[in-house]
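>>> I need the structure of the sequence given here:
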Amino acid sequence: MKIATYNVNGVNGRLPVLLRWLERSRPDIVCLQELKAPQEKFPETAINAAGYEAIWHGQKSWNGVAILSRVGTPVETRRGLPDDPDPSHSRYIEAAVNGLIVGGLYLPNGNPKPGPKFDYKLAWFDALIDHAADLIACGAPVILAGDYNVMPTDRDVYKPERWLDDALFAPEARAAYARLLAQGWTDALRTLHADETIYTFWDYFRNAFARDAGLRIDHLLLSPALAPRLRRAEVDREVRSWEKTSDHAPVWVELEG
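Predicted coordinates for the structure are as follows:
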């Protein structure tokens with residue numbers, strides 16, 4: 001089973017890119033972020049025509065998350081986190097799909113730091129950590145996939161010294177990610193690429209993609225019940241080079257069974 005996460009940076013504006021990638025990569029389940037579309041503007045017809053059923057949590061102009069599946073109808077189990085510090089933001093959606101619990105998330109950016117946006121990022125992270133503990137406690141196979149807006153280590157960022165004052169690389173954000181992993185989650189991409197420089201995001205500015213000046217901020221975390229099934233984890237880096245593409249590349253895992 002192949003499960004992917006992809007920050008599309010506008011699901012309607014980048015729909016041709018998304019459909020091209022779905023046809024080429026054929027993931028079984030996909031978590032999308034930054035739909036940037038209200039609930040009624042999600043391109044359900046086109047997604048269905050590509051062979052996927054979908055649930056989504058839209059928001060005008062900003063945020064927005066979705067789960068797509070071609071291996072069974074995603075049955076929504078949660079929309080928004082318990083104790084979400086700002087439920088008006090569409091940042092989390094969860095579903096039971098083909099024997100798994102799939103959580104799709106878009107963690108706040110948090111810039112500028114310090115300030116209310118950074119405080120909100122940390123509060124949202126705390127809510128995610130609390131919910132993730134409950135998911136592990138239930139014993140089910142769970143995957144939490146999305147744009148976490150955090151580079152966990154120096155290896156996950158090009159020239160880390162330039163990011164010391166950024167909310168994505170702040171010690172508090174990195175510590176929150178470490179607390180999440182300490183519950184027993186497996187960071188799939190880093191587990192299978194332990195010593196590699198591997199990125200998932202390249203800014204549109206300063207020729208970042210051509211220079212490979214990237215960040216690893218899109219993560220797929222597997223619960224203890226699911227981690228033994230991990231076989232592969234990769235970044236579809238080529239997609240970032242396509243015309244009118246997102247500044248993120250799709251990231252995916254392959255699971256046994």
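>>> contacts, neighbours, all on C-alpha from now
Fine.
>>> so where's this structure uncertain?
Residue ranges of the chain with pLDDT under 70: none are present.
>>> ranges for the helices of it?
According to DSSP state H, the chain carries its helices in the segments 15-25, 44-49, 116-137, 171-182, 188-192, 208-211.
>>> can you list the ones you listed in a markdown table and add mean neighbour count?
Below are those laid out as a markdown table (neighbours: other CA atoms under 10 Å):
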| stretch | mean neighbour count |
| --- | --- |
| helix 15-25 | 15 |
| helix 44-49 | 13 |
| helix 116-137 | 18 |
| helix 171-182 | 16 |
| helix 188-192 | 18 |
| helix 208-211 | 13 |
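>>> tell me which of the ones you listed sits nearest to residue 222.
Proximity to residue 222, assessed across those by CA to CA, is greatest for helix 188-192 (6.9 Å).
>>> quick one on the thing from earlier: in TSV: the helices of the chain, plus distance to residue 103.
Formatted as TSV, the helices of the chain follow (distance: least, CA to CA, whole Å):
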stretch	distance to residue 103
helix 15-25	19
helix 44-49	19
helix 116-137	9
helix 171-182	14
helix 188-192	15
helix 208-211	29
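>>> which of these sits closest to residue 164?
Comparing those by CA to CA, helix 171-182 comes nearest, at 8.5 Å.
>>> distance between stretch 70-79 and the chain's centre?
Distance, stretch centre to chain centre, for stretch 70-79: 17 Å (CA atoms, centre = their mean, to the nearest Å).
>>> which residues does it contact?
Applying CA atoms under 8 Å, 6 or more residues apart in numbering, the external contacts of stretch 70-79 come out as 28-29, 51-55, 57, 67-68, 92-98.
>>> only alpha carbons, please: show that stretch as PDB.
The C-alpha trace of stretch 70-79 is given here as PDB (Å, rounded to 0.1, in the frame of the first residue of the first chain):
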ATOM      1  CA  ARG A  70      -8.600   4.600  -4.300                       C
ATOM      2  CA  VAL A  71      -8.700   1.600  -2.000                       C
ATOM      3  CA  GLY A  72     -12.000   2.200  -0.200                       C
ATOM      4  CA  THR A  73     -14.200   5.100   0.900                       C
ATOM      5  CA  PRO A  74     -12.500   7.300   3.500                       C
ATOM      6  CA  VAL A  75     -14.800   7.300   6.500                       C
ATOM      7  CA  GLU A  76     -14.300  10.600   8.400                       C
ATOM      8  CA  THR A  77     -13.500  10.100  12.100                       C
ATOM      9  CA  ARG A  78     -12.500  13.600  13.000                       C
ATOM     10  CA  ARG A  79     -12.400  17.200  11.500                       C
END
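>>> list the buried ones in it?
70, 72, 73, 74, 75, 76, 79 (16 or more other CA atoms under 10 Å).
>>> among the contacts of stretch 70-79, name the buried ones.
Neighbour counting by 16+ other CA under 10 Å classes 28-29, 51-55, 57, 67-68, 92-98 among the contacts of stretch 70-79 as buried.
>>> so of these, which ones are in strands?
29, 53-55, 57, 67-68, 92-97 (DSSP state E).
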